[in-house]
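Have a look; sequence and predicted model below, questions after that.
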Protein chains: 2
Amino acid sequence: MSGETNRQWRLARRPVGDIGEGDLEFAQSPAPQAGPGQVRVRTLILSMDPTNRIWMSDAKQYMPPVKVGDVMRGVTLGVVDQSNADGYAPGDLVSGMWGWQDYATVDVAKMPLAKLPADRTLPLPGYVALVGGVGMTAYFGLLDIGRPQPGETLVVSAAAGAVGSLVGQIGKIKGCRVIGIAGSAEKCRWITEELGFDGAINYRDEDVGAALDRLAPDGIDIDFENVGGPIMGEIFARLRLNARIALCGLISQYNAEGPVQGPANFEQVLMQRATIKGFIILDYAARFPEAMHDLIAWHAAGKIKYQTDIVQGLENAAATVKKLFEGGNTGKLMVQVADLPD
Amino acid sequence: MSGETNRQWRLARRPVGDIGEGDLEFAQSPAPQAGPGQVRVRTLILSMDPTNRIWMSDAKQYMPPVKVGDVMRGVTLGVVDQSNADGYAPGDLVSGMWGWQDYATVDVAKMPLAKLPADRTLPLPGYVALVGGVGMTAYFGLLDIGRPQPGETLVVSAAAGAVGSLVGQIGKIKGCRVIGIAGSAEKCRWITEELGFDGAINYRDEDVGAALDRLAPDGIDIDFENVGGPIMGEIFARLRLNARIALCGLISQYNAEGPVQGPANFEQVLMQRATIKGFIILDYAARFPEAMHDLIAWHAAGKIKYQTDIVQGLENAAATVKKLFEGGNTGKLMVQVADLPD
């Protein structure tokens, strides 16, 4: 059980603007051994999420920043390979946040690991792309904050992304007219033709305001906001009375090097008596089973699809995470770290 | 009953930036006569409110803009002097929105007028400054959106204004630490020494961010936002987890001539999982009696004070409304149009 090498991505310095060469360093050390009350997990899949960039900065944020020199924080799925803790046995598949490395020891009394169901019905990447944090975020952000009603108009930014693509499909299940904003013709085709969105806007080619006027002529009831910046300003300009903005992410500004200009047309939040609510999914942890139940049922019924974008090899994580900020992925981006069990 | 002259302020053209000479014109015509189902009201007090400026513009807003050529819209208090409607008799004191004029006829089936209580306990200006729209705004914005808890920190902008001064006092009743932001040393003295605010910031003389760091070192739970602009950005930078922003007004930008820059530090709304809710008081009409009851009881118990700034003469309304945007008033600004009954 000893002698394994642990490859780790560590934060070498805080990025300025885009994540640069040398901000993360790839190092090797002997794998740790499970101590009393601990399990050791071996990483199978590492989720790549926009919030990774937030954690690299020392700006005021919702969790402590990753310290320079520490292993990069990340959402992970893996297998228990040593256990000194009740309730966990070697071979158990678990999800957690043990970071960008092959092995980690976890004191499960302090940080419980979620076990995947024994009778799992999805391939492993589905537990990252459908019922992981991504699915929880889409589900609670849209249903709890957006409160969609049949016939309402929902706009989703980063609509071909992991969260946005689920949000739009849940919006359709709830009877909304769904408009997605994405960054390529192919992404727009995918969300309309394959996922059933009512309309799509390619923000790289189209005037977003004019396209919203065309596709949502009566205005916008719900904005599931992943992006921020000028696109959010165009949405604010077209809010309907009592609109809801589920503020999930502001990816357009995570790499900013200086102060960021605030959203244009903010006065419409007042005029339309809109509600903006920032959220992170940890706030809903107690209700995760409800969401998992619905998402799996919808998937089984063919009402919801997910797509994965899987890059092989932990060594490619630092290059891969950058795709999120360049619009390079469609569906859930992840790194496969080791061979997956059946 | 006929022969009276009706003086009216009409919107002559839409202001560009500050309200300018000639944007409103003062005209005279014969007073109208009450038709079937109508009452005629004679104006006693005209309330001067920041939202008057919104109504003068043709920007997208929460009510239709005043049309050029029409009588300026405004909140009014007056006396019925002709009645052809059941339930209203000459001499009844009523409040409504019949605008900047001496006389108006109102079809009460379409627009009921609120009658002042027969056993009124406040002088008439108190029905504008304490239990009128101003008091309703302070009460529901703070209690329903702000949801103050004992020990929380509440920041109020335009704190010596009609709404802000009530908000801070209600915040104290609810056990909050209350910091007011106002535009002069005298206003700061008034809100701390006479109204019991815990701290005050003179935004014209002080660095607002540094002052907030000093007076609210643990951050801000509730922002009752009347002003917008850079001051709101400084508040956003210091939000605590699960902060609430009752978005009541954005007076700093009502006179803007072009697009307005959005609030700085907007990302903290996400990071702190804050809620922003725009509101107007008409949304709470069904609950006005509850607010009136509490406000009158608090006032009678000496827990809440209000201050009035009363300018004499309808002819001075156009010059008077500008004081709101210049920081020229402390307490509720109004125009007395005719002699008041006892």
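That came through, no problem.

List phi and psi for residue A:292.
Per-residue torsions, residue A:292: phi -60, psi -40 (degrees, to the nearest 10).

now do residue A:4
The phi/psi pair for residue A:4 (degrees, to the nearest 10) reads phi -70, psi 150.

now it, nearest residue through space, not along the chain?
In this structure, residue A:4 finds its nearest non-sequential neighbour in residue A:31, 4.0 Å apart by C-beta to C-beta, 6 or more residues apart in numbering or on different chains. The way it works is simple: take the backbone N, C-alpha and C, and place the C-beta from them, glycine included.

Residue A:241 too?
residue A:272 is the one closest to residue A:241 (C-beta to C-beta, 6+ apart), at 5.3 Å.

ok, that neighbour - contacts?
For residue A:272, the contact set (C-beta atoms under 8 Å, 6 or more residues apart in numbering or on different chains) comprises A:239-243, B:62, B:278.

dump the residue contacts of the nearest residue to residue A:253 once chain neighbours are set aside.
Nearest non-adjacent residue to residue A:253, counting by C-beta to C-beta, 6+ apart: residue A:260, 4.5 Å away. Counting by C-beta under 8 Å, 6+ apart, residue A:260 touches A:229, A:253, B:264, B:266-267.

Of these, which is the most crowded?
Tallying neighbours with other C-beta atoms under 10 Å in any protein chain shown puts residue B:266 at the head of these, with 26 neighbours.

Next one: that one from chain A, what distance?
Distance, residue B:266 to chain A, using C-beta to the nearest C-beta, to the nearest Å: 5 Å.

Report the lowest-confidence entry in the contacts of residue A:272.
Ranked by pLDDT, those bottom out at residue B:62 (80).

For the helix or strand harbouring residue A:128, name the packing helices and strands.
If you go by DSSP states H and E, residue A:128 is part of helix A:126-129. Applying 3 or more C-beta pairs under 8 Å, 6 or more residues apart in numbering or on different chains; DSSP states H and E, one finds that helix A:126-129 makes contact with strand A:308-312, strand A:332-336.

Show me how far the helix or strand that it is followed by is from its chain's centre.
Counting by DSSP H and E, the next helix or strand C-terminal to helix A:126-129 is helix A:133-140. Put simply, helix A:133-140 sits 8 Å off its chain's centre (C-alpha atoms, centre = their mean, to the nearest Å).

who does helix A:133-140 touch, helix- and strand-wise?
Under the contact criterion of 3+ C-beta pairs under 8 Å, 6+ apart, helix A:133-140 touches helix A:162-173, helix A:288-300.

what does the helix or strand following it contact?
Downstream of helix A:133-140, the first helix or strand assigned by DSSP H and E is strand A:153-157. Residues from elsewhere that reach strand A:153-157 (C-beta under 8 Å, 6+ apart): A:142, A:146, A:148, A:164, A:167-168, A:171, A:176-181, A:212, A:216, A:218-227, A:231-232, A:235, A:240.

Quick one: the strands in the stretch 1-150 of chain A, in order.
All strands of the stretch 1-150 of chain A, identified by DSSP state E, counting those that start in this stretch, fall at A:5-11, A:24-30, A:38-47, A:76-83, A:93-96, A:103-107, A:114-115.

Tell me which of these is the most buried.
For those, average neighbour numbers computed from mean count of other C-beta atoms under 10 Å in any protein chain shown are highest in strand A:38-47, which has a mean of 24.

That one pairs with which strands?
Using DSSP bridges, strand A:38-47 pairs in its sheet with strand A:76-83 (antiparallel), strand A:103-107 (antiparallel), strand A:332-336 (antiparallel).

next one: it to chain centre, how far?
Centroid displacement of strand A:38-47 relative to its chain, using C-alpha atoms, centre = their mean, is 19 Å.

quick check: domain ranges of chain A?
Here the domain parsing of chain A from automatic domain parsing is A:5-128+A:308-336, A:133-282.

dump the residue contacts of the most centrally placed residue in chain A.
Among the residues of chain A, residue A:134 comes closest to the average C-alpha position under C-alpha atoms, centre = their mean, at 4.5 Å. Residue A:134 makes contact with A:47, A:49, A:128, A:162-163, A:166, A:332 under the criterion C-beta under 8 Å, 6+ apart.

What about the residue in chain A that chain B sits nearest to, how many residues nearby?
The minimum distance from chain A to chain B, using C-beta to the nearest C-beta, falls at residue A:262 (2.8 Å). For residue A:262, the count of nearby residues is 24 (other C-beta under 10 Å).

can you pull up the bridge partners for it?
With DSSP bridges applied, the residues forming beta bridges to residue A:262 are residue B:262.
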